[in-house]
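Visitor: quick one, structure for this:
(one chain, ligands or ions: 1)
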Amino acid sequence: MGAYLQTDVTKVTTRVLKTMKQHGEKIAMLTAYDYSMACLLDSTKIDVVLVGDSAANVMQGYKTTLPITLDEMIFYAASVVRGIKRALVVVDMPFGTYQGNSKQALASAIRIMKETGADAVKLEGGEEVLESISRILSAGIPVMGHLGLTPQSINKFGTYVVRATEKEEADRLLKDAHILEQAGCFAMVLEKIPAVLAEQVTKEVNIPTIGIGAGAAVDGQVLVLQDMLGITQQFKPRYLRHYGSFGEGISTAVRQYITDVKEGSFPNEKEQY
Ligand code: KIV
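Guide: Take a look at the predicted model:
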């Protein structure tokens with residue numbers, strides 16, 4: 001790890017991420033929703049930890065991200081922040097807390113920052129949420145954008161397939177990327193869009209782009225922790241690389257525990273008082 005520019009920073013800030021883009025150092029981001037995982041992630045020197053509203057899927061078992069509430073996101077985020085010293089912590093603003101009402105957006109973002117101690121918020125959309133973004137930024141709260149496949153709009157899209165494959169949508173996304181940059185967002189997620197489009201956005205904007213299913217030419221990558229660890233075994237989109245089979249590992253460990261308990265071999269003499 002010694003060769004990377006930002007390895008020695010004691011705290012990753014939005015400014016650090018901008019410098020990383022300028023120096024061509026890729027940004028590594030993963031999600032977390034609890035204290036134990038946050039401690040583990042921070043010890044690896046991950047750059048950014050996202051408390052994603054994907055918690056609705058992987059922590060709560062919902063099919064979409066829509067049901068998760070602001071109180072629930074604050075609960076997860078506060079737990080994560082308690083485990084992080086170095087990484088930048090970004091918290092997703094849940095569905096219904098910022099769209100169409102910039103005063104509510106600011107109030108929601110202020111609650112997240114006050115009650116969790118996180119470093120920034122993330123919200124989905126471009127021009128249609130510009131007023132909310134500007135109002136949040138006016139309070140000094142850093143905002144990460146999110147374009148492409150925006151899961152909170154799944155009922156509008158009707159499908160999780162790759163976005164912006166047609167020129168009209170690609171042009172709109174490019175325009176939105178510039179709008180986010182001009183508004184003052186410090187970075188943006190590009191989810192499930194063609195790699196060439198993500199490359200174009202990355203070249204045209206001066207803020208870091210973090211891809212998920214957006215190819216290699218972006219400034220950083222993000223994955224959902226449970227997905228990349230092989231815990232959510234049924235979910236295997238093309239962009240996902242498994243960095244372990246921890247689902248299997250956990251099942252094997254639990255089966256062994258059950259056997260040991262049933263056989264009476266746990267606890268042994270050394271494991272008792
Ligand atoms: O909620 C989430 O985990 C996200 C990432 C997939 C970018 O928004």
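
Visitor: mind checking the backbone torsions on Ala125?
Guide: Ala isn't right for residue 125; it's Gly. Main-chain dihedrals, Gly125, degrees, to the nearest 10: phi 120, psi 170.

Visitor: mind checking how far the residue nearest to it when sequence neighbours are not counted is from Gln221?
Guide: Leaving aside its chain neighbours, Gly125 sits nearest to Thr150 (6.2 Å; criterion: C-beta to C-beta, 6 or more residues apart in numbering). Yep, even glycine has a C-beta here, placed from its N, CA and C like the rest. Using C-beta to C-beta, to the nearest Å, Thr150 is found at 18 Å from Gln221.

Visitor: now do Val129
Guide: As it turns out, when the distance is counted by C-beta to C-beta, Val129 lies 24 Å from Gln221.

Visitor: break this structure down into its structural domains.
Guide: Recorded structural domains for the chain (assignment: automatic domain parsing) are 14-242, 245-273.

Visitor: rewinding a little: give me the more crowded residue out of Val129 and Gln221.
Guide: Val129 (26 against 20; other C-beta atoms under 10 Å).

Visitor: buried ones in stretch 120-127?
Guide: 120-126 (16 or more other C-beta atoms under 10 Å).

Visitor: might you enumerate the residues of the chain proximal to the ligand?
Guide: Proximity of the chain to the ligand, by C-beta under 6 Å from any ligand atom, involves residues 31, 50, 52-54, 92, 189, 191, 212, 222, 224.

Visitor: just want the residue of the stretch 51-200 of the chain that's nearest the ligand.
Guide: Gly52 (2.3 Å; C-beta to the nearest ligand atom).

Visitor: OK, contacts around Leu41?
Guide: Leu41 makes contacts with 30, 32, 49, 83-84, 87, 225, as judged by C-beta atoms under 8 Å, 6 or more residues apart in numbering.

Visitor: now the strands for the stretch 51-200 of the chain?
Guide: 88-92, 120-122, 143-148, 187-191 (DSSP state E, counting those that start in this stretch).

Visitor: can you say which of these is nearest to Met20?
Guide: Ranking the strands of the stretch 51-200 of the chain by proximity to Met20 (C-beta to C-beta) places strand 187-191 first, at 10.1 Å.

Visitor: quick one: strands adjacent to that closest one?
Guide: strand 143-148 (parallel), strand 209-212 (parallel) (DSSP bridges).

Visitor: how about the ones you listed in CSV, adding mean pLDDT and mean neighbour count?
Guide: Formatted as CSV, the strands paired with strand 187-191 follow (pLDDT from 0 to 100; neighbours: other C-beta atoms under 10 Å):
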stretch, mean pLDDT, mean neighbour count
strand 143-148, 98, 27
strand 209-212, 98, 26
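
Visitor: export these to CSV and tack on distance to Glu166?
Guide: What follows is these, written out as CSV (distance: least, C-beta to C-beta, whole Å):
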stretch, distance to Glu166
strand 143-148, 13
strand 209-212, 20
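
Visitor: of all those, which lies closest to Gln234?
Guide: strand 209-212 (18.0 Å).

Visitor: with only the CA atoms kept, save the closest one in CSV.
Guide: Extracted in CSV, the C-alpha atoms of strand 209-212 (Å, rounded to 0.1, in the frame of the first residue of the first chain):
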residue,chain,number,x,y,z
THR,A,209,-16.7,9.9,-10.1
ILE,A,210,-17.2,6.7,-8.2
GLY,A,211,-18.5,3.9,-10.4
ILE,A,212,-20.6,0.8,-9.7
